[in-house]
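Student: Got a predicted model here, sequence first, then my questions.
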Amino acid sequence: MGVQTNPCLVVLAAYSLILIQANITPVLAHVINQTESPATAAPQAPPPVAPVAPVRSAMQPLQATDLLTADKPCSHGLERQMPYFGMGAPGPSGSAGIPGLPGAGGAQGARGERGDRGEPGLSGFPGSKGDKGDIGAVGPQGLVGLEGLNGTKGVKGEPGRDYTPPSMSAFHVGQSSNLQVTSGSQIISFNAQYINIGDDMSQHTGVFTCRIPGLYYFTYTFRAYSHGSYGLNIDLLVNNVVKSQIYMTAMSKHLMQTQSTIVTLRVGDDVWLKANANTYINGDDEMNVFSGYLINAI
């Protein structure tokens with residue numbers, strides 16, 4: 001086990017050495033001077049001994065110039081009994097101490113002001129191709145463009161075939177006489193003929209016979225006026241089958257009725273008008289007419 005040193009004894013020893021040196025050094029210097037030049041040197045009085053500082057009371061507070069400071073404790077309280085000395089010259093600066101440990105983090109500061117807008121960055125790499133979008137709505141129609149240049153002349157075509165005008169069938173007939181049907185029915189004949197292309201209409205019998213198969217248009221118009229209990233009741237027939245009709249009951253004023261139809265006919269089909277019972281037609285060849293024509297041959 002090592003020897004333990006009492007710090008108070010160390011302090012007392014150091015203090016004794018300093019005190020002895022302070023009182024003996026002037027005397028030794030005087031003796032040496034006398035010894036070196038005894039013949040010529042005038043006798044000199046020994047230097048005065050430095051007064052010993054009074055011992056401070058244990059209750060007297062230490063000053064900033066004390067040799068021993070209060071922050072060096074002694075178990076016996078002897079630092080309060082050391083003599084007073086003046087402050088010496090400042091010693092050399094000590095070496096830098098060991099850096100202290102990092103302090104605890106401070107509180108978050110207030111949010112700073114918004115900085116200036118930075119310069120645009122460099123363009124990035126092109127991204128991958130996206131999915132195809134939906135078809136947009138149709139935009140408004142644009143303006144008519146400028147007329148283009150004339151094209152080059154085409155190659156001469158093949159000679160055409162001999163032209164044969166299409167066959168035609170049409171008629172327009174009228175009835176200028178009054179017609180009254182009391183009972184039963186009667187085919188309406190006509191005493192005026194205006195058009196009869198192909199001679200397919202017989203105005204005396206009132207029957208049209210199909211010569212060219214195809215699509216036909218027929219129309220008929222009749223006038224009636226108050227005549228007792230009579231009115232208009234007229235049918236259009238194809239091979240004795242009703243295809244259209246005009247029907248009007250007795251009226252107290254003049255009226256006109258028109259009906260139209262389109263039918264497909266084969267060769268030999270017959271078409272006519274039939275007036276039924278209680279029909280009275282007021283004769284006028286310009287008002288009571290029957291017409292038909294071929295629309296398209298089949």
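Tutor: Everything's here; your move.

Student: domain ranges for this structure?
Tutor: 7-81, 170-297 (automatic domain parsing).

Student: With respect to those domains, which exhibits the lowest mean confidence?
Tutor: Within the domains of the chain, confidence is poorest for domain 7-81, with a mean of 51 (mean pLDDT).

Student: looking at the sheet around Asn296, what are its partners?
Tutor: Going by DSSP bridges, Asn296 is paired in beta bridges with Leu215.

Student: Run a quick check on Ser183 versus Ala275, I expect a contact.
Tutor: No - counting by Cβ atoms under 8 Å, Ser183 does not reach Ala275; the two are 11.4 Å apart. Any C-beta I mention is one placed from the backbone N, CA and C, and that applies to glycine too.

Student: Tell me which of those two has more neighbours.
Tutor: Using other Cβ atoms under 10 Å, the more surrounded residue of Ser183 and Ala275 is Ala275, with 22 against 7.

Student: contacting residues around the more buried one?
Tutor: 179, 181, 185-188, 233-234, 281 (Cβ atoms under 8 Å, 6 or more residues apart in numbering).

Student: Where neighbours are concerned, which of those has the most?
Tutor: That'd be Ile234 among these, by other Cβ under 10 Å, with 26 neighbours.

Student: mind checking the SS state of that one?
Tutor: With DSSP: H, G, I helix; E, B strand; the rest coil as the basis, the three-state label of Ile234 is strand.

Student: separation between the residue lying closest to it once chain neighbours are set aside and Phe125?
Tutor: Counting by Cβ to Cβ, 6 or more residues apart in numbering, Ile246 is the residue found nearest to Ile234 once chain neighbours are left out, at 4.6 Å. Distance of Ile246 to Phe125, given as Cβ to Cβ, to the nearest Å: 84 Å.

Student: Those two: which has the busier surroundings?
Tutor: Comparing Ile246 with Phe125 by neighbour count (other Cβ under 10 Å), the higher total belongs to Ile246, at 21 against 4.

Student: Next, the contact list for that one, please.
Tutor: Taking Cβ under 8 Å, 6+ apart as the test, what Ile246 contacts is 220, 222, 232-234, 257-259.

Student: how far away is it from Met201?
Tutor: Taken as Cβ to Cβ, the span from Ile246 to Met201 is 19 Å.

Student: can you redo the contacts of Ile246 as TSV with distance to Gly97?
Tutor: Output for these, formatted as TSV (distance: Cβ to Cβ, whole Å):
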residue	distance to Gly97
Tyr220	132
Phe222	135
Leu232	135
Asn233	136
Ile234	135
Gln257	130
Thr258	127
Gln259	127
